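Asks: this is a predicted model, with the sequence first.
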Amino acid sequence: MKVLVTGVNGQLGHDVLERLKAQQIECLGVGRLEFDLTNEKETEEFILGYHPQAVIHCAAYTAVDQAEIEKELCTTVNVIGTGAIARACRKIDAKLIYISTDYVFNGRGEVPFETDVQPLPINYYGKTKFEGELEVKKVMEKYFIIRTSWVFGCNGNNFVKTMLRLGKDKKELSVVSDQVGSPTYTWDLAKLIVEMVVTEKYGIYHGTNEGYCSWYEFACEIFRQTKLDVKVIPIKSEDYPTKAVRPKNSRLSKDKLEAEGFNRLPAWQDALRRYLLEI
Ligand SMILES: NC(=O)c1ccc[n+]([C@@H]2O[C@H](COP(=O)([O-])OP(=O)(O)OC[C@H]3O[C@@H](n4cnc5c(N)ncnc54)[C@H](OP(=O)(O)O)[C@@H]3O)[C@@H](O)[C@H]2O)c1
């Protein structure tokens, strides 16, 4: 099997490529240099030229707050760019794995969202990621949509790195405690993606580490494991205004993974422990 990975300079794309290589699967990782997702023609031509059997599309416009300002660019990358990838995949009969997000949901209630719940995004980034899903579904049959959340990987910036940086200088940090979700280690998610791509079990999945916590609880666990002496103060989302509204309930149900014979990912605390060793 020959696999193309987009977003190879980002957190997830980097680890997906490493996992594919470790499995001795023929693969190529691409970034902005190979093709820019804002250029539909360039995107399609590159994929047709490389002619992979599968594309794992990890690249995206991911700046959630900035997306409220750069709406046009965010749409071009996440919707139009994804559409171009889907069309190219269809032309060469390649499978497509599109990575989506917990932010496609409205975050109401407290129960985990099942894969078949109707998305209703509440911020612009979430809207474009959902429209990206629709582009994929419109064009293709051989697709996987994997929604993940609260990603941390070695190759890029994330909440864990921010907490470690701030924790070095500050004795006290205020962190939001009313948004609940699952931190997800890219190395673990990449394993699932590589397991999935060789199957034909197409459809929508949720892929996150197991267990749920708030950002506050996540921060407490980071400082507990690193033995940094930082007092974490729980605050409400309303006390930490951001340009983009975040869903309060980001719990994603992973029942479908098990139903289709895939392994659930390890607990997020265990993922964090391995990640801290790695960085
Ligand atoms: N991060 C999270 O917490 C989170 C949560 C849920 C879902 N997701 C989804 O998971 C996937 C991977 O996220 P991530 O955290 O690994 O993202 P990331 O680290 O921000 O990487 C995204 C990559 O996309 C590339 N990219 C952006 N615009 C591009 C363009 N116009 N043309 C070509 N490449 C472009 C970036 O290239 P440059 O390096 O050149 O800028 C970057 O390497 C994304 O689909 C994201 O929506 C992420």
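Replies: Yep, that arrived.

Asks: ok, the closest residue to the ligand within the stretch 1-150 of the chain - how many residues close by?
Replies: Residue of the stretch 1-150 of the chain nearest the ligand, by CB to the nearest ligand atom: residue 10 (2.0 Å). Every C-beta, even on glycine, is put in place using the N, C-alpha and C of the backbone. The local packing of residue 10 (other CB atoms under 10 Å) involves 20 other residues.

Asks: show me what contacts it?
Replies: If a contact means CB atoms under 8 Å, 6 or more residues apart in numbering, then residue 10 has 58-59, 62, 155-156 as its contacts.

Asks: straight-line length of stretch 19-33, end to end?
Replies: In stretch 19-33, first residue to last residue: 22 Å (CA to CA, to the nearest Å).

Asks: buried residues of that stretch, list them for me.
Replies: 19-20, 25, 27, 29-31 (16 or more other CB atoms under 10 Å).

Asks: before we move on, what about stretch 121-139?
Replies: 121-133, 135-136, 139.

Asks: stretch 90-103 too?
Replies: So for stretch 90-103, counting by 16+ other CB under 10 Å, buried means 94-103.

Asks: out of those residues, which touch the ligand?
Replies: When CB under 6 Å from any ligand atom is applied, the members of those adjacent to the ligand are 99, 101.

Asks: near the residue of the stretch 151-279 of the chain found nearest the ligand, how many other residues are there?
Replies: Going by CB to the nearest ligand atom, the ligand is nearest to residue 151 of the stretch 151-279 of the chain, at 3.5 Å. Residue 151 has 20 neighbouring residues, counting by other CB under 10 Å.

Asks: remind me which residues of the stretch 101-250 of the chain are low pLDDT?
Replies: Nowhere does the stretch 101-250 of the chain drop to pLDDT under 70.

Asks: where exactly do the helices run in it?
Replies: With DSSP state H, counting those that start in this stretch, the ranges of helices along the stretch 101-250 of the chain come out as 124-139, 159-169, 186-197, 215-226.

Asks: same list (these) but as a markdown table, adding distance to residue 259.
Replies: Below are the helices of the stretch 101-250 of the chain laid out as a markdown table (distance: least, CB to CB, whole Å):
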| stretch | distance to residue 259 |
| --- | --- |
| helix 124-139 | 20 |
| helix 159-169 | 30 |
| helix 186-197 | 14 |
| helix 215-226 | 28 |
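
Asks: which one is residue 113 nearest to, not counting chain neighbours?
Replies: residue 105 (5.0 Å; CB to CB, 6 or more residues apart in numbering).

Asks: pretty sure the one you found contacts residue 247?
Replies: Yes. At 5.8 Å, residue 105 counts as touching residue 247 under the criterion of CB atoms under 8 Å.

Asks: buried sites along the helix or strand encompassing residue 269?
Replies: Per DSSP states H and E, residue 269 falls inside helix 268-278. Under the neighbour-count criterion of 16+ other CB under 10 Å, helix 268-278 has 268-269, 271-272, 275 buried.

Asks: I'd say residue 137 and residue 130 touch.
Replies: No. Here residue 137 does not reach residue 130: they are 10.7 Å apart, not a contact under CB under 8 Å.

Asks: for residue 228, which non-adjacent residue is closest in space?
Replies: residue 167 (4.5 Å).

Asks: so what's the residue count around the one you found?
Replies: 18.

Asks: what's near enough to touch it?
Replies: 173, 222-223, 226, 228, 230.

Asks: kindly indicate which of those residues lies nearest residue 82.
Replies: Taking CB to CB as the measure, residue 82 lies nearest residue 222 of these, at 32.4 Å.

Asks: count of residues packed around the closest residue to that closest one other than its chain neighbours?
Replies: Among residues not flanking residue 222 along the chain, residue 163 sits closest, at 4.8 Å (CB to CB, 6+ apart). Neighbourhood size, residue 163 [other CB under 10 Å]: 23.

Asks: hmm, residue 163 is touching residue 174, no?
Replies: No. The criterion here is CB under 8 Å, and residue 163 misses it with residue 174 at 11.9 Å.
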